[in-house]
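Asks: Here you go, sequence then predicted model.
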Amino acid sequence: MIGLLPVFRRELSGYFTTPVALVFIVIFLFLAGVFTFQLGRFFERGQADMVVFFTFHPWLYLFLIPAISMRLWAEERKTGTIELLLTLPVSLSAAVVGKFLAAWAFAGIALGLTFPLWITVNYLGNPDNGVILAGYLGSLLMAGAFLAIGSCISAATKSQVIAFIVSVVICLLFMLAGLKEVQAFVTGWLPQEAVKVVGSFSFLTRFEAISKGVLDVRDVLFFASIIGVFVAATGVVVNMKKAE
Amino acid sequence: MISIRKISKRYGTGSASILAVDGVSLEVGPGEVLGFLGPNGAGKSTTMKMVTGFLTPTSGTAVVCGHDVVDDPVGVKRAIGYLPEGAPNYPDMTPAAFLDFIGQVRGFAGAEKRRRIDAVVERVHIGGVMRQPIETLSKGFKRRVGLAQAMLHEPPVLILDEPTDGLDPNQKHDVRNVIRELASRGDVNSGRAVVLSTHILEEVEAICTRAVIIAKGKVLVDGTPAQLRAMSRYHNAVTLTLVSPVTGTGEPINLAGELGSIKWVAQVEDQGVRHVPVSAAGPGGPRQTCTLVPKGGRPLLADVTSLAKSKGWAIETIAVEGGRLDDVFRELTLGDEPREAVRAGGAA
């Protein structure tokens, strides 16, 4: 992983030298607020927890995370800087992982900035902070999984628009895999075992468990392996497509 | 310092594949400035991309300062400073932030990093724009930022892909000066090898100690720019202009015929008679210009002047050509059949 740290630093500071960071964070916090207070009826529920806050995260991420990931590699390929980056003494894996981690750190910063809600909940009542921590952890893991998928797709195209749209669609498939409708759809023509496998890929189901405070090792491992597989795939795709 | 060994690159597979580079072998030593010439699509950039470790060769390899690019690409990348075609850099960054990033990647920190950035900034004269986003800079400045990036670690090998392409004449001049300076500073650092690609022939004459022409992925010629020019049919050609090309009795001189009788003239190109108005430079009237192409590049000047003297011609200008590089270039690269590599100088 030669050169990982400089790549990570450059990429992360890159978000803040442009309006990208500001726009993203403002919109993320605004939408998180709308979902929590308007749709989730945070106050009316009268419960000192952050369940409604986390419930909407998958939907929030569905559109916002591909907006971060779309530029990761598509932009490098479009502007030709990929040639510069990959002829510096940086290994391909360091470039891929460094960029992914920077995007993940950025998503983490945006997520971290929702801390006033946590303070509010603690001020108003006595929530189970362990559950809240698990929620944040789950949310961060899910963001990483979305980012890894988006990073891989971004590497396959020079167009950020295509990267965005395809990422949204694929992330949506992963999210909905566990819904009754999807299960009913595949039950007709897939064997029972395969239906289970499809269902097990559901981000929604797994995230729901974590956000309720059930920190199952299997769910954590699931997100971690989605991240691992798609980051590795990003490396393969970058290597294949860099010459074009 | 650079040893390219039978390197080949094939894009695609099956019948649709294109052999972009076809077994190119080259050695570049310290102190050399090698100009890589060829028409667009000849394989110049692809070769450079393989040597710098960006693309993996289909077969063959390149060894740079003892590192094999196939086995140890990062070692090669450490030894090389590379300016990719079009000098891509991150448009949102300032040159200061960009060079800082390059410094970190190259493994410098603290005072050492600052010293190197300061030195390179001074060398390419970008001190005044360090805090401006790169996207707001002119093309010439962008190119200089690219050069600064390539030179930051004082690499023993510099590879520059079309370093002056798309610049205006002043910017080209500046960039060439920087490159020339870099190459000459090389001997201080026990010799630096510079490889640059271009399709501008004057550039080769201006800065290169050696020129390699490639076309269709193969090396056609390898020699000094002077040797290359000697391959031109215009090498040692004489062009002369006569004032009032008439004999004493008023008959027009059969200039082409007279000159054609000189022993080693292969061909006379008569550029005709034109009329010049009276000016401070001399009397007006007709002028006739002919170019004599020699057989086998033999010198003609002595014969031409003695003939003119014996006939009593009034010569206005007379000039000997060194040869036309673009001529050599066209002749070599337009041929349909792939040729065997020619060692310029050896054949001439």
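Replies: Nice, I can see it. Residues are numbered from 1 along each chain as shown, chains lettered A, B, ... in the order given.

Asks: Please report the number of neighbouring residues for B:T289.
Replies: Residues lying near B:T289 (other CB atoms under 10 Å in any protein chain shown) number 18. Using the backbone N, CA and C atoms, a C-beta is placed for each residue, glycine as well.

Asks: To clarify, my last question referred to A:R9.
Replies: 15.

Asks: can you list the residues that contact the helix or strand hosting it?
Replies: Assignment of secondary structure by DSSP states H and E places A:R9 within helix A:4-17. Residues outside helix A:4-17 that contact it (CB atoms under 8 Å, 6 or more residues apart in numbering or on different chains) are A:21, A:24, A:85, A:90, A:94-95, A:97-99, A:101-103, A:105-106, B:90, B:92-93, B:97, B:101, B:104-105.

Asks: In terms of pLDDT, where does the closest residue to B:G53 other than its chain neighbours sit?
Replies: Sequence neighbours aside, B:P73 is the residue nearest to B:G53 in space, at 3.8 Å (criterion: CB to CB, 6 or more residues apart in numbering or on different chains). Reported pLDDT at B:P73 in the predicted model: 91.

Asks: Quickly note the distance from B:E202 to chain A.
Replies: Separation of B:E202 from chain A (CB to the nearest CB, to the nearest Å) stands at 26 Å.

Asks: Which residues are in contact with the nearest residue to that residue once chain neighbours are set aside?
Replies: Distance criterion CB to CB, 6+ apart; nearest residue to B:E202, sequence neighbours excluded, is B:L325 at 7.9 Å. B:L325 is in contact with B:201-202, B:204-205, B:225, B:228-229, B:232, counting by CB under 8 Å, 6+ apart.

Asks: Give the phi and psi angles for B:L167, as a check.
Replies: The phi/psi pair for B:L167 (degrees, to the nearest 10) reads phi -100, psi 160.

Asks: Mind checking which of the contacts of B:L325 are in helices?
Replies: The helices, defined by DSSP state H, take in B:201-202, B:204-205, B:225, B:228-229 from the contacts of B:L325.

Asks: Shouldn't B:V221 be within a helix?
Replies: No: applying DSSP: H, G, I helix; E, B strand; the rest coil, one finds B:V221 to be strand, outside a helix.

Asks: Neighbours of it, how many?
Replies: The number of residues packed near B:V221 is 24, by other CB under 10 Å.

Asks: For it, report the pLDDT, please.
Replies: pLDDT, B:V221: 87.

Asks: Also B:G345?
Replies: B:G345 is assigned 48 on the pLDDT scale.

Asks: now do B:P30
Replies: 86.

Asks: same question, B:G186
Replies: pLDDT, B:G186: 47.

Asks: Next one: A:L22 relative to A:A105, how far apart?
Replies: Here A:L22 is placed at a distance of 16 Å from A:A105 (CB to CB, to the nearest Å).

Asks: Pick out whichever of these two has more residues nearby.
Replies: A:A105 (15 against 11).

Asks: what's the spacing between the more buried one and B:H235?
Replies: A:A105 is 64 Å from B:H235, by CB to CB.

Asks: what does B:V129 give?
Replies: 45 Å.

Asks: for B:E321, same thing?
Replies: From B:E321 to B:H235 the distance is 7 Å (CB to CB).

Asks: Which one's more surrounded, these two?
Replies: Applying other CB under 10 Å to B:E321 and B:H235 shows that B:H235 carries more neighbours, namely 24 against 17.

Asks: The more buried one touches B:G322, doesn't it?
Replies: Yes: counting by CB atoms under 8 Å, B:H235 touches B:G322, with 6.8 Å between them.

Asks: any common contacting residues for the two?
Replies: B:R229.

Asks: B:D174 and chain A: what is the separation?
Replies: In terms of CB to the nearest CB, B:D174 sits 21 Å off from chain A.

Asks: pretty sure that residue is in a strand, no?
Replies: No: using three-state DSSP, the assignment for B:D174 is helix, not a strand.

Asks: check which helix or strand covers the residue lying closest to it once chain neighbours are set aside.
Replies: Spatial nearest neighbour of B:D174, excluding adjacent residues (CB to CB, 6+ apart): B:G140 at 6.7 Å. Here B:G140 sits within helix B:139-151, counting by DSSP H and E.

Asks: what mean pLDDT does the next helix-or-strand element following that helix have?
Replies: Per DSSP H and E, helix B:139-151 leads on to strand B:157-161 as the next helix or strand towards the C-terminus. Strand B:157-161 shows a mean pLDDT of 93.

Asks: now swap in stretch A:184-204 and tell me
Replies: 78.

Asks: Name the residues of it that are buried.
Replies: A:195, A:198-199, A:201-204 (16 or more other CB atoms under 10 Å in any protein chain shown).

Asks: now those residues in a markdown table, with secondary structure and distance to B:P156?
Replies: Shown next, in a markdown table, are those (DSSP: H, G, I helix; E, B strand; the rest coil; distance: CB to CB, whole Å):
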| residue | secondary structure | distance to B:P156 |
| --- | --- | --- |
| A:V195 | helix | 61 |
| A:V198 | helix | 56 |
| A:G199 | helix | 58 |
| A:F201 | coil | 51 |
| A:S202 | coil | 55 |
| A:F203 | helix | 51 |
| A:L204 | helix | 56 |
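
Asks: and the residues you listed, which two are the farthest apart?
Replies: A:V195 and A:F203 (17.2 Å; CB to CB).

Asks: What is the helix or strand containing B:T239 packed up against?
Replies: Assigned by DSSP H and E, B:T239 falls within strand B:238-243. Packed against strand B:238-243 by the contact rule (3 or more CB pairs under 8 Å, 6 or more residues apart in numbering or on different chains; DSSP states H and E) you find strand B:285-294, helix B:301-311, strand B:315-320.

Asks: Repeat the analysis, applying 6 Å as the threshold.
Replies: Strand B:238-243 sits against strand B:285-294, strand B:315-320, with contacts defined as 3 or more CB pairs under 6 Å, 6 or more residues apart in numbering or on different chains; DSSP states H and E.

Asks: May I have the helix or strand that comes right after the last one exported as CSV, CA atoms only?
Replies: I take that to be strand B:315-320. Downstream of strand B:315-320, the next assigned helix or strand under DSSP H and E is helix B:325-334. Presented in CSV, the C-alpha positions along helix B:325-334 are these (Å, rounded to 0.1, in the frame of the first residue of the first chain):
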residue,chain,number,x,y,z
LEU,B,325,13.8,16.9,-41.7
ASP,B,326,10.2,17.0,-42.7
ASP,B,327,11.2,15.5,-46.0
VAL,B,328,12.9,12.6,-44.3
PHE,B,329,10.0,12.2,-42.0
ARG,B,330,7.4,12.1,-44.7
GLU,B,331,9.4,9.8,-46.9
LEU,B,332,10.0,7.3,-44.1
THR,B,333,6.6,7.4,-42.5
LEU,B,334,4.4,7.5,-45.6
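
Asks: can you confirm B:I214 is in a helix?
Replies: No: read with three-state DSSP, B:I214 is strand and lies in no helix.

Asks: who touches the nearest residue to it once chain neighbours are set aside in this structure?
Replies: Leaving aside its sequence neighbours, B:I214 sits nearest to B:G38 (CB to CB, 6+ apart; 4.4 Å). Residues near B:G38 by CB atoms under 6 Å, 6 or more residues apart in numbering or on different chains: B:44, B:214-215.

Asks: can you list the residues you listed in TSV and add neighbour count?
Replies: TSV is the format used below for the contacts of B:G38 (neighbours: other CB atoms under 10 Å in any protein chain shown):
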residue	neighbour count
B:K44	29
B:I214	26
B:A215	22
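
Asks: from those, which is closest to chain A?
Replies: Nearest to chain A among the contacts of B:G38 is B:K44, at 14.4 Å by CB to the nearest CB.

Asks: Neighbours of A:M70, how many?
Replies: Using other CB under 10 Å: A:M70 sits among 25 other residues.

Asks: What distance do you get for A:A194 to chain B?
Replies: For A:A194, the distance to chain B - CB to the nearest CB - is 33 Å.
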